[in-house]
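*Asks:* Attaching a predicted model along with its sequence, questions to come.
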Amino acid sequence: MRLSEQFIQQLAAKTGQRLDSYRLNPVSGGDINSAYHLETDSISWFIKLNQPSLSGMFKAEAAGLKELADTQTVRVPKVIACGKTADYAYLVLEYLKLKPQNSASERLFAQQFAQLHQQKQPFYGWHTDNTIGSTPQYNGRYGNWIEFWQQQRLRVQLRIAAENGYGGNLQTMGEKLCAGIGRFFETYSPPPALLHGDLWGGNIAADANNNPVMFDPACYYGDREADIAMTELFGGFGRDFYAAYQDYYPLDSGYQTRKTLYNLYHILNHLNLFGRSYLSRAETMIATLLAEL
């Protein structure tokens, strides 16, 4: 998706910035969006684009970034503008020069992440739905975490999987798991914590001053273990991060079992987004959890 001159002028009018002379370069923006670095002598922006019908996705992302920023814990890109035109849905963020984390930034991130996870609400969920990848993520407010995870996470993904043709054993095992997950919370009742929601190694980096920077959130209030579990799913986080997080905000001993429950949500989502190659892994994870019941 290419940026038009008309859009640049519309963006100038919306932001009140002069964009008469600018430099524009395409950059990596993820699996589903087009992205550009727009630069003038006085500004440097990261622009994400998609179809106008997906403007709600960017609106929810902008809301997540603002909510994370308000905690004054982990740095996130500042939101410049968000909206849609006849041709594009767009999200404009400050452009940050990022680099991979090192041991020092991972330890700092662990401390800041622990502080983020101490931002509480009296409910699970959020004030709006958002997306996980391009899949709708529902964030209805619940007073009970088990019910939230059953209804808003696992059963949603299982329903989508059934619609995609993944029935049979996955559905039978998945429903049995949904009915029994209270077993994993008999001695553990997590407070609702503000979560990034989609924290894998590609959504964290360091800025020029070695400060951690998070981006591409899928925020909601839930069990902080869900965030930590996803950091283990695809790698990208070192021992310094986990050791430091444990020092600042130790995890309950049952996390080692529950992390499979939380990561099952993301594997089911990958099944629904990317296809059958994730089916066996999803079924194996469910079987492992059922063996604990």
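*Replies:* Nice, thanks for sending it over.

*Asks:* only C-alpha atoms for contact and neighbour calcs from this point on.
*Replies:* OK.

*Asks:* Ala208 is in contact with Lys97, correct?
*Replies:* Yes. Using Cα atoms under 8 Å, Lys97 is in contact with Ala208, at 6.5 Å.

*Asks:* Quick check: Val92 is in a helix.
*Replies:* No. Counting by DSSP: H, G, I helix; E, B strand; the rest coil, Val92 is not found in a helix; it is strand.

*Asks:* how about the nearest residue to it, chain neighbours excluded?
*Replies:* Setting aside the residues directly before and after it, Val92 is nearest to Ile47 in space (Cα to Cα, 6 or more residues apart in numbering), at 4.5 Å.

*Asks:* Next secondary structure after the helix or strand containing the one you found?
*Replies:* Taking DSSP states H and E as the criterion, Ile47 maps to strand 44-50. Remark: after strand 44-50, the chain's next helix or strand is helix 55-70, criterion DSSP H and E.

*Asks:* what's the average pLDDT for that following helix?
*Replies:* Helix 55-70 carries an average pLDDT of 98.

*Asks:* Now that helix: buried residues?
*Replies:* Neighbour-count burial for helix 55-70 flags 55-65, 68-69 (criterion: 16 or more other Cα atoms under 10 Å).

*Asks:* Quick one: the helices in the stretch 1-150 of the chain, in order.
*Replies:* Listed in chain order, the helices of the stretch 1-150 of the chain (DSSP state H, counting those that start in this stretch) span 5-15, 55-70, 103-116, 145-148.

*Asks:* Does Leu49 touch Ile32 like I think?
*Replies:* No. Assessed by Cα under 8 Å, Leu49 is found out of contact with Ile32, at 9.2 Å.

*Asks:* Who are the contact partners of His196?
*Replies:* Listed by Cα atoms under 8 Å, 6 or more residues apart in numbering, the contact set of His196 reads Leu68, Pro217, Ala218, Cys219, Tyr220, Asp227.

*Asks:* Just want the phi and psi numbers for it.
*Replies:* Backbone torsions of His196, given as degrees, to the nearest 10, read phi -60, psi -50.

*Asks:* Leu116: neighbour count?
*Replies:* By other Cα atoms under 10 Å, 20 other residues sit near Leu116.

*Asks:* what does Glu39 give?
*Replies:* Around Glu39 sit 17 other residues, with neighbours defined as other Cα under 10 Å.

*Asks:* which residues does it form a beta bridge with?
*Replies:* For Glu39, the beta-bridge partners are Arg23, Ser44 (DSSP bridges).

*Asks:* Please report how far it lies from Ala13.
*Replies:* The gap separating Glu39 from Ala13 is 16 Å, by Cα to Cα, to the nearest Å.

*Asks:* mind listing the strands in the stretch 101-250 of the chain by residue range?
*Replies:* Remark: strands assigned in the stretch 101-250 of the chain by DSSP state E, counting those that start in this stretch are 130-132, 135-137, 193-195, 204-206, 212-214, 220-222.

*Asks:* mind checking how far the third one is from the chain centre?
*Replies:* Looking back up the chat, that one is strand 193-195. Put simply, strand 193-195 sits 11 Å off its chain's centre (Cα atoms, centre = their mean, to the nearest Å).

*Asks:* What helices and strands are in contact with it?
*Replies:* On a contact count with 3 or more Cα pairs under 8 Å, 6 or more residues apart in numbering; DSSP states H and E, strand 193-195 meets helix 103-116, strand 220-222, helix 224-233.

*Asks:* Averaged pLDDT, it. What do you get?
*Replies:* Here strand 193-195 scores 98 as its mean pLDDT.

*Asks:* so where's the stretch 151-293 of the chain shaky on pLDDT?
*Replies:* Within the stretch 151-293 of the chain, not a single segment meets pLDDT under 70.

*Asks:* For it, which segments are assigned as helices?
*Replies:* Along the stretch 151-293 of the chain, counting by DSSP H, counting those that start in this stretch, helices occupy 155-163, 169-180, 224-233, 239-248, 255-274, 279-290.

*Asks:* Identify whichever of these lies nearest to Val27.
*Replies:* For Val27, the closest of the helices of the stretch 151-293 of the chain is helix 255-274, at 22.9 Å, according to Cα to Cα.

*Asks:* Contacts made by that closest one with the rest, please.
*Replies:* Helix 255-274 is touched from outside by 132, 134-135, 153-154, 157-158, 160-161, 164, 184, 225-226, 229-230, 233, 277-279, 281-282, 285-286, 289, with contacts defined as Cα under 8 Å, 6+ apart.
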